[in-house]
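S.K.: The following comprises the amino acid sequence and a computationally predicted model.
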Amino acid sequence: MKSQPDGFRSGRRTEQAFNACFAIFPLVLFIVAIFLASRDRSWGALSIAIMYSPIANLLLMLLGATAAFVFHRSNPATRLGAMMAWVLGLPPFVALATGVVIFMMDLQGC
């Protein structure tokens, strides 16, 4: 069995740590948005679904993309494509899920 160079293993660990840490932020954002919308259930909930959640997830995508480039720059053994898949895939899915869950609530006054 061929052994991997140390930089390769270090790059994979950095990549896995980045993906695990990045996955926490959209999920926390989802929980907070659903909690705030459930407390309001009116125009505020609708604005969270249509405006605030997509904007927050877009900012999260930009920060994540910047962090992925910085990690790849500091350790070229990391796979930029794998990190960008998380960064570009998870926040839009969470924004869509937030909208679906909020629209499934019993909204009043909308």
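M.R.: That came through fine.

S.K.: What helices and strands are in contact with the longest helix anywhere in the chain?
M.R.: Using DSSP state H, we find that the single longest helix of the chain is helix 6-40. Under the contact criterion of 3 or more Cβ pairs under 8 Å, 6 or more residues apart in numbering; DSSP states H and E, helix 6-40 touches helix 43-47, helix 53-74, helix 80-104. The way it works is simple: take the backbone N, C-alpha and C, and place the C-beta from them, glycine included.

S.K.: Apply 6 Å and report the result again.
M.R.: helix 53-74, helix 80-104 (3 or more Cβ pairs under 6 Å, 6 or more residues apart in numbering; DSSP states H and E).

S.K.: Which one, of the ones you listed, ends up nearest to residue 30?
M.R.: Nearest of these to residue 30, taken as Cβ to Cβ: helix 80-104 at 4.9 Å.

S.K.: Could you figure out how far that closest one is turned away from helix 53-74?
M.R.: Using axes from the mean of the first three to the mean of the last three Cα atoms, to 10 degrees, one finds that helix 80-104 and helix 53-74 are set 170 degrees apart in direction.

S.K.: Other residues contacting helix 80-104?
M.R.: With Cβ atoms under 6 Å, 6 or more residues apart in numbering as the test, helix 80-104 has contacts from 15, 18-19, 22, 26, 30, 33-34, 37, 45, 49, 53-54, 57, 60-61, 64-65, 68, 72.

S.K.: Go through that helix and flag the buried ones.
M.R.: Buried residues in helix 80-104, defined by neighbour count with 16 or more other Cβ atoms under 10 Å: 80, 83, 84, 86, 87, 90, 91, 94, 95, 98, 99, 102.
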